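Participant: Dropping the sequence and predicted coords here.
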Amino acid sequence: MGPWARAWLTGVRHLKVSDTVSALRIEPSLITAIVNDRPVSLSAPPIPAGVWAAIEGHVTTDRQSEQLAQLLEHTWEEPLLPPELVRVGAEDDVAAVVRAVAEEIDRDPSALLRFRGYDARSAADHDDAWRGGDLPPLPPPARRPPDSVPKRFGTSGIRTADGDLVETLIHAYRAFGD
């Protein structure tokens, strides 16, 4: 059993062997299951999406990385394993679900990441207001005559050897525009 699955089991001291867990669902912040026809749920707040985005390169969904758990705990103060779970159900039923979740984490480590709020899809696969996308292409520039800008100023009152400064600029713009 991997380190995440072992850590998940911490605190579970007894478990009825005869308990049957069915309909196990692991979603962000919520685990639901049926134990011997009785509903059980476990919940905890997710790790914020901004934390997941900041450590995206360190997340691998295919293995139980102790380094990822340490990075979350020590750098972001967001433990991979929630310090407390809200439990709904009898104690033995909850213990059975905890055991089933540990087995699922061992089989598929992304189950724990999913429960803690990590979405393995890339930013291009979903709409996230905190991530930018490609910019739309710019429209083609409107072509104005090169001398339109200085003409908007009117006469400047500044005399040059060739006349008013604005008139001189208009001639220069026309010469560079050709």
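Facilitator: Perfect, thanks for sending it.
Participant: use CA for all of it now, contacts and neighbours both
Facilitator: Will do.
Participant: Could you list the paired strands of the strand or helix carrying residue 24 along with their orientation?
Facilitator: Residue 24 belongs to strand 21-27 when assigned by DSSP states H and E. In the sheet, strand 21-27 lines up against strand 30-35 (antiparallel) (DSSP bridges).
Participant: circling back: can you give me the buried ones in the strand holding residue 24?
Facilitator: Within strand 21-27, the residues that qualify as buried are 21, 22, 24, 26, 27, counting by 16 or more other CA atoms under 10 Å.
Participant: where's the residue sitting furthest away from the middle of the chain relative to residue 153, distance?
Facilitator: Here the chain reaches farthest from its C-alpha mean at residue 161, the gap being 64.3 Å by CA atoms, centre = their mean. Applying CA to CA, to the nearest Å, the value for residue 161 to residue 153 is 19 Å.
Participant: Going by neighbour count, list what's buried in stretch 166-178.
Facilitator: Counting neighbours by 16+ other CA under 10 Å, stretch 166-178 gives 166, 167, 170, 173 as buried.
Participant: Kindly report the same for stretch 79-98.
Facilitator: 79-82, 87, 89, 92-98.
Participant: next one: stretch 96-112
Facilitator: For stretch 96-112, by 16+ other CA under 10 Å, it's 96-106, 108-112.
Participant: pLDDT on that stretch, on average?
Facilitator: On average, the pLDDT along stretch 96-112 is 90.
Participant: how many other residues sit next to residue 41?
Facilitator: For residue 41, the tally of surrounding residues (other CA atoms under 10 Å) stands at 21.
Participant: and it, how far is that from residue 107?
Facilitator: Look at residue 41 and residue 107: by CA to CA, they are 20 Å apart.
Participant: Now flag whichever of the buried residues of stretch 166-178 is closest to residue 139.
Facilitator: residue 173 (23.9 Å; CA to CA).
Participant: nearest spatial neighbour of residue 45, skipping sequence neighbours?
Facilitator: residue 29 (5.5 Å; CA to CA, 6 or more residues apart in numbering).
Participant: I figured that neighbour hits residue 44, correct?
Facilitator: Yes. If you go by CA atoms under 8 Å, residue 29 and residue 44 touch, sitting 5.2 Å apart.
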